[in-house]
Every structure is written in structure tokens, then in C-alpha cells.
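[1] Everything below, folded, please.
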Amino acid sequence: MGNPLNLPFDPIERAHENWTRRWGASPAMAAVTSVMRAQQILIGRLDAALKPYALTFARYEALVLLTFSHSGGLPLGKIGERLMVHPTSVTNTIDRLERQGFVRRKPNPSDGRGTLAEITGEGREVVEQATRDLLDMDFGLEGYTGEELREMHRSFVKLRVGFGDFPDPEGAPTEN
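    I've put the predicted structure just below:
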């Protein structure tokens, strides 16, 4: 995990001030830059918390997804779809988890050409332990109230619906 910057000023606010002088105010530029910095901070903190388990957050997410599946196994394509990642990323993630003994590949009985990734007992144990640690730190968002976290989630649903990740849960038509 990176170290806190401990700067005497907010570099994103400074960039926004400079941006405003050059091109005019852009709350969107300040917001997206803040989101990107927040992602860096959170991934660093989450990966640090998962390091004792030899996991990254991406591999942890795959294990959690497998624990949520009815049988403990999913086709690789379904994993990519649910985690919203490229098939190559799924292959690399499952390769690593398999080498660690947390998942095993097996033929998909529903599709003779397909492969399932199935969580192992050891994978189930590690996901339970890691989840306790992440919950203890509120996934790196311990400074926020429950209502603030719900609002944060709701605000990003709008972006994701607009992009086409899924239909608007409120039923309003979206533009793509």
C-alpha cells in the first residue's frame, strides 16, 4: 500500500483551480480525479489487508463470487461477466487461485467444451477469514456513516446504468 502523501494542500483542488483558470470550471474533472485517487487508496488498503492471505482484491472478489454460487462453481465466462472483467483477466485470476489451491478447474457438465472454476475447502476457509478482516475495516471506508455509504452506492448506480451495465432499477429509460 502506498504511503499517505501528507501534502500541505489538496493537489486535486489545486489542479481544479488551475484548470478553471485555463479552461473554465469543471466539477466533472475534479470529481473524476477524486474518484480515481480514491480507487488508488482503496485498492492499496484492501490489497494490504488481503496480503496475509496471498490474495489481491481481484482474486478475493472471484472467491467470493464462487462462494455465492449454488454449487461453488461457475463457468469462466460467467465469472468474467459478473466481475465485469476481460476473459484474459479471469483466466489469469483463476490460474493464480488454482496454483494457490483455492480453486480447481473441472469440465462443465452443461457444456462439453467449457470449464468451471470451483472453490475448494481451503478457498472457502481463506475467503471467510479475509472477509472478517475486510468487514473489520469497513472495506477501507470506516470514516463514513451507513447513510453516506448507501448514498455513495446510489450515486454510482446512475453512472453504471447510463453506461449500460444494467437497466435502471427505478425503471426510467436511459440514454446510451
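[2] any chance you could map the helices in the protein?
    With DSSP state H as the criterion, the chain has helices at 11-23, 27-50, 57-68, 76-83, 87-99, 121-136, 146-163.
[3] okay, these, which one's buried deepest?
    Mean neighbour count, computed with mean count of other C-beta atoms under 10 Å, is highest for helix 57-68 among these, reaching a mean of 20. Any C-beta I mention is one placed from the backbone N, CA and C, and that applies to glycine too.
[4] Quick check: pLDDT value at the residue sitting furthest away from the middle of the chain.
    For the chain, the residue at maximal distance from the C-alpha centroid (C-alpha atoms, centre = their mean) is residue 21, at 35.1 Å. At residue 21, the pLDDT value in this model is 97.
[5] doesn't residue 122 make contact with residue 101?
    Yes - assessed by C-beta atoms under 8 Å, residue 101 is found in contact with residue 122 at 5.1 Å.
[6] want to throw the helices of the chain into JSON lines with distance to residue 109?
    Compiled in JSON lines, those are given as follows (distance: least, C-beta to C-beta, whole Å):
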{"stretch": "helix 11-23", "distance to residue 109": "51"}
{"stretch": "helix 27-50", "distance to residue 109": "32"}
{"stretch": "helix 57-68", "distance to residue 109": "17"}
{"stretch": "helix 76-83", "distance to residue 109": "14"}
{"stretch": "helix 87-99", "distance to residue 109": "18"}
{"stretch": "helix 121-136", "distance to residue 109": "20"}
{"stretch": "helix 146-163", "distance to residue 109": "33"}
